[in-house]
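Student: I'll drop the sequence and a predicted model, then ask my questions.
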Amino acid sequence: MSVSIKSADEINKMRVAGKLAADVLEIIEPYVVAGVTTNKLNDICHAFILEQDAIPAPLNYKGFPKSICTSVNHTICHGIPNDKALKNGDIINIDITVIKDGYHGDTSKMFEVGKVPKFASRLIEITQQALYLGIQQVKPGAHLGDIGYVIQEHAHAARYSVVREFCGHGIGKQFHEDPQVLHYGQPGTGLKLKEGMIFTIEPMLNQGKRHIKMLADGWTVHTKDRSLSAQWEHTILVTNNGYQVLTARTNETINET
Ligand code: MF3
Ligand code: CO
Ligand code: CO
């Protein structure tokens, strides 16, 4: 597969899909409290997405059984919603992908359940900063390696590790398109960005070592050392002079060019 340049019409549809995915993360927020099950969060998101005449992309994607991904504490990504309740002090990533009018919007954020330890909040905050630093590299002529490099450097300066087995991705009519967007790398290397490309950036940072353990369900990914992990994700359009974050939330401050 090669890296597609989206037409103006496709970009408009990606804007709508991106905004809807962002809305889901906003409406679910008040429900992310101690005592709620991740299945309940799944069901609320699922119903909201259908009400918007959209499709939850994870459901039945390569056999994934639910409509959202819920990754708690030492789960890195692709956690499957279940009947276990969240408890005070947990951290959770909720990853939403919708299909609206044939196009995908993909975004995730971290939530804190009740009062969480300082070390957990710090991991969450540094990971969000890593995402924003990555986004700020995006402009025509920049390289994918520029994005990976700033994420990796920010993580390591804070003494966190970067997960290597999962990456950002091109997105459009398909959930996962070319290119692969690595969260590590060297400046000036890799694909050169062009106006009209759309891809996600979705760094996963671990408090301990970077190594992963895939569970027997074929989806759930844990940190091998069971240390905490955090992830944030946005869908990004390369504009003529920089970027636009298609999945920006209402109360999120992002300095677009
Ligand atoms: N939303 C994830 C991503 O950012 C992919 C989840 S695949 C699923 O790429 F099947 F688990 F939903
Ligand atoms: Co993604
Ligand atoms: Co996602």
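Tutor: Okay, I see it. Quick caveat: nothing in here was measured; it's all calculated off a predicted structure. Ligands and ions are numbered 1, 2, ... in the order given.

Student: for the residue in the stretch 151-257 of the chain that ligand 2 sits nearest to, phi and psi?
Tutor: Relative to ligand 2, the nearest point of the stretch 151-257 of the chain is Thr200 (4.1 Å; C-beta to the ion). C-betas here are computed from N, CA, C, even on glycine. Here the main-chain torsion angles of Thr200 (degrees, to the nearest 10) amount to phi -100, psi 160.

Student: Relative to Phe119, how far out is it?
Tutor: 27 Å (C-beta to C-beta, to the nearest Å).

Student: Can you show me the CA trace of stretch 231-241 as CSV?
Tutor: Only the C-alpha atoms of stretch 231-241 are listed here, as CSV (Å, rounded to 0.1, in the frame of the first residue of the first chain):
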residue,chain,number,x,y,z
GLN,A,231,-1.2,6.5,25.7
TRP,A,232,-2.7,9.5,24.0
GLU,A,233,-3.8,9.6,20.3
HIS,A,234,-4.9,12.1,17.7
THR,A,235,-5.6,12.0,14.0
ILE,A,236,-3.6,14.7,12.2
LEU,A,237,-3.9,16.3,8.7
VAL,A,238,-0.8,17.7,7.1
THR,A,239,-1.8,21.2,5.9
ASN,A,240,0.1,23.5,3.4
ASN,A,241,2.2,25.0,6.3
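
Student: is ligand 1 contacted by that stretch?
Tutor: Yes - Stretch 231-241 lies within reach of ligand 1 by C-beta under 6 Å from any ligand atom, at Glu233.

Student: buried stuff in that stretch?
Tutor: 231-239 (16 or more other C-beta atoms under 10 Å).

Student: Let me see the ranges of the helices in the stretch 1-150 of the chain.
Tutor: Assigned by DSSP state H, counting those that start in this stretch, the stretch 1-150 of the chain shows helices spanning 8-28, 38-51, 118-136, 144-157.
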